[in-house]
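Q: build me a model from this:
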Amino acid sequence: MEGVALPQSLSEANIYMVGIKGTGMAALAEILVAGGAHVTGSDTAEKFQTDDLLRSLDLCYAEGFAASNLPDEIDLVIYSAAYDPANHEELVAATARDLPLITYAEALGELSGSMPSIGIAGVHGKTTTAALCAAIVRAAALPGTVLAGSALSDLGGRATLVQGRSFFIAETCEYRRNFLRFRPSAIVITNIEADHLDYFRDRADIISAFEEYARSLPLRGELIYCIDDDGACEIADSISRERPDIRLTAYGERADGEGHVAYLPAPDGEIRFSVGHRSFTLRIPGKHNALNAAAALIAVDRARQITHRDAGEHVDDVEFAAAAHDAVLEFHGTRRRSEIVGEAGGVLILDDYAHHPTAITATLAGYRDFYPGRRLILDFMSHTYSRTKALLDEFGEALAAADILILHEIYASAREENPGDVDGEQLAEAARHHGASVHFVPQVAEALPLVERIVQPGDLFVTMGAGNNWELGRAFLNRLEEREAVS
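A: Residues are numbered from 1 along each chain as shown. Have a look, this model is predicted:
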């Protein structure tokens with residue numbers, strides 16, 4: 001709805017959120033509550049990873065949608081883009097009451113316009129990069145706000161860090177070009193390739209979206225990009241021709257200066273690398289996370305410079321470097337990004353959100369390096385029919401990297417219907433074509449007996465994807481712990 005904005009003062013504002021369990025919506029709720037707003041909302045009764053986070057905020061929200069859920073006093077309704085205001089009963093009722101409505105992306109844009117903001121973008125890596133930003137900002141005690149797209153164990157399960165309003169760093173999403181609502185003074189681009197093919201026509205279409213985002217930078221804004229990624233380089237090349245005023249900062253193995261990343265020898269369970277002339281250690285799997293750390297270090301350094309410049313203070317590089325080093329070393333990742341679910345019976349159980357072939361390949365390779373000698377049992381649930389159909393062979397090849405693969409029916413998005421021409425069996429066949437040892441169990445709830453039968457002590461069991469199969473890993477852990485308790 002054009003012309004609708006967040007209340008100038010969040011204190012005591014009554015805000016209702018439709019789709020409050022979504023990762024971005026739940027994180028936004030945190031920021032609104034921290035600002036003093038009274039937040040209520042609704043979502044489906046399905047269990048979400050954000051349930052614990054919302055409970056920790058002591059929020060009242062309905063499970064199930066109904067017009068009667070709307071409170072009498074509402075200053076603003078924020079809704080997930082998964083819902084159409086024209087046919088969602090709560091949004092129709094809100095419109096009938098002449099209540100102001102804005103989308104999540106519009107609300108995020110309003111927040112970004114109220115302070116210097118840095119948008120973290122990319123098809124892969126943006127959540128971990130934003131989370132690393134939060135860890136560094138916290139360690140350096142900088143007076144800013146950071147929004148990541150997932151709960152952070154280092155922040156007690158919260159998805160945001162609110163330490164002030166000198167700057168705002170946020171994960172920004174390319175889907176439906178939502179990031180164009182954001183008002184950045186700087187942008188980080190981690191990588192770009194074809195994804196969200198239910199919306200974008202092809203790779204060229206998604207490239208055009210990122211180009212438009214980069215063009216939205218203000219005069220003398222900054223584009224921080226991974227020079228090792230072809231898509232990110234395309235944006236940098238394009239923007240350098242169109243907007244020579246924009247500062248370009250590259251990071252990666254091919255970069256020079258402050259963004260140069262070099263990998264160093266490391267023992268099992270660690271990734272050691274340098275960014276510029278400083279060395280760092282990560283204790284989460286995946287060499288690609290060194291690139292995410294480099295992006296975060298540069299982004300937070302820019303935010304730090306803004307803070308000290310506006311306050312007229314001296315910039316202490318030594319103190320910041322020490323804080324950043326410790327933050328990276330102690331970083332434990334985020335919910336559903338190589339998250340350690342637990343270990344019992346000699347089995348280590350992880351959960352990861354990777355749902356694109358490129359991310360799957362990088363994540364599984366990271367596990368091989370990080371946990372050498374363990375057999376890798378992967379339970380994967382593909383997300384969206386459109387992505388699965390468009391990348392079927394690529395999925396098959398990526399998933400074949402596991403020693404044993406368990407697959408289920410495709411987890412449908414709320415925004416699409418089953419086209420009837422792709423299913424989980426076809427994905428299983430694609431993986432077999434690439435040499436995978438595959439078990440197909442249509443429903444996640446029926447897979448536990450199989451998992452108990454094939455997983456052995458010493459194995460690494462991973463649940464992966466954007467579906468609900470993460471529940472299987474927790475159920476398996478509970479079963480292993482029950483066995484240990486009686487043995």
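
Q: contacting residues for the closest residue to F179 other than its chain neighbours?
A: Once flanking residues are discounted, F179 sits nearest to T172: 3.9 Å by Cβ to Cβ, 6 or more residues apart in numbering. Every C-beta, even on glycine, is put in place using the N, C-alpha and C of the backbone. T172 makes contacts with L108, G119, I120, A121, K126, N178, F179, F182, P184, Y213, as judged by Cβ atoms under 8 Å, 6 or more residues apart in numbering.

Q: quick check: strands, which of these are part of them?
A: Of those, the ones assigned to strands by DSSP state E are G119, I120, A121.

Q: out of the residues you listed, who's nearest L472?
A: Proximity of the ones in strands among the contacts of T172 to L472 (Cβ to Cβ) peaks at I120, which lies at 30.1 Å.

Q: mind checking the SS state of L378?
A: Under the three-state scheme (DSSP: H, G, I helix; E, B strand; the rest coil), L378 adopts strand.

Q: what about it, how many neighbours?
A: Per other Cβ atoms under 10 Å, the neighbour tally for L378 reads 27.

Q: that one contacts L364, correct?
A: Yes. Using Cβ atoms under 8 Å, L378 and L364 qualify as a contacting pair, with a distance of 7.3 Å.

Q: and for these two, which residues touch both?
A: Joint contacts of L378 and L364 (Cβ under 8 Å, 6+ apart) are A402.

Q: where in the chain is pLDDT low?
A: The chain contains residues with pLDDT under 70 at 1-5, 8, 197, 310-315, 414-416, 487.

Q: and this structure, what are its domain boundaries?
A: Using automatic domain parsing, the domain parsing of the chain gives 14-103, 113-329, 339-486.

Q: most tightly packed of these?
A: Highest mean neighbour count of the domains of the chain: domain 113-329, a mean of 20 (counted as mean count of other Cβ atoms under 10 Å).

Q: ok but I102 is inside a strand, no?
A: Yes. Using three-state DSSP, the assignment for I102 is a strand.

Q: my read: it touches I78, true?
A: Yes. Here I102 reaches I78: they are 5.8 Å apart, a contact under Cβ under 8 Å.

Q: where's A134, which helix or strand?
A: helix 126-139 (DSSP states H and E).

Q: can you name the next helix or strand after that helix?
A: Per DSSP H and E, the helix or strand that comes after helix 126-139 is strand 145-147.

Q: direction included, what does that next one pair against?
A: Here strand 145-147 is paired, per DSSP bridges, with strand 160-162 (antiparallel), strand 168-171 (parallel).

Q: just send those strands back as JSON lines, with distance to A34 too.
A: What follows is these, written out as JSON lines (distance: least, Cβ to Cβ, whole Å):
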{"stretch": "strand 160-162", "distance to A34": "4"}
{"stretch": "strand 168-171", "distance to A34": "12"}
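
Q: closest one to I306 among those strands?
A: I306 lies closest to strand 168-171 among the strands paired with strand 145-147, at 10.5 Å (Cβ to Cβ).

Q: which residues sit against the closest one?
A: With contacts defined as Cβ under 8 Å, 6+ apart, strand 168-171 is touched by 24, 108, 111-112, 114-120, 126-127, 129-130, 133-134, 137, 144-149, 182, 299-300, 303.

Q: and R220, what are its phi and psi?
A: phi 60, psi 30 (degrees, to the nearest 10).

Q: residues in contact with it?
A: With Cβ under 8 Å, 6+ apart, R220 has these contacts: D245, I246, R247.

Q: now the last one: phi and psi?
A: The phi and psi torsions at R247 (degrees, to the nearest 10) take the values phi -80, psi 130.

Q: excluding chain neighbours, give the residue nearest to it in space.
A: That would be E222: by Cβ to Cβ, 6+ apart, it lies 4.3 Å from R247.
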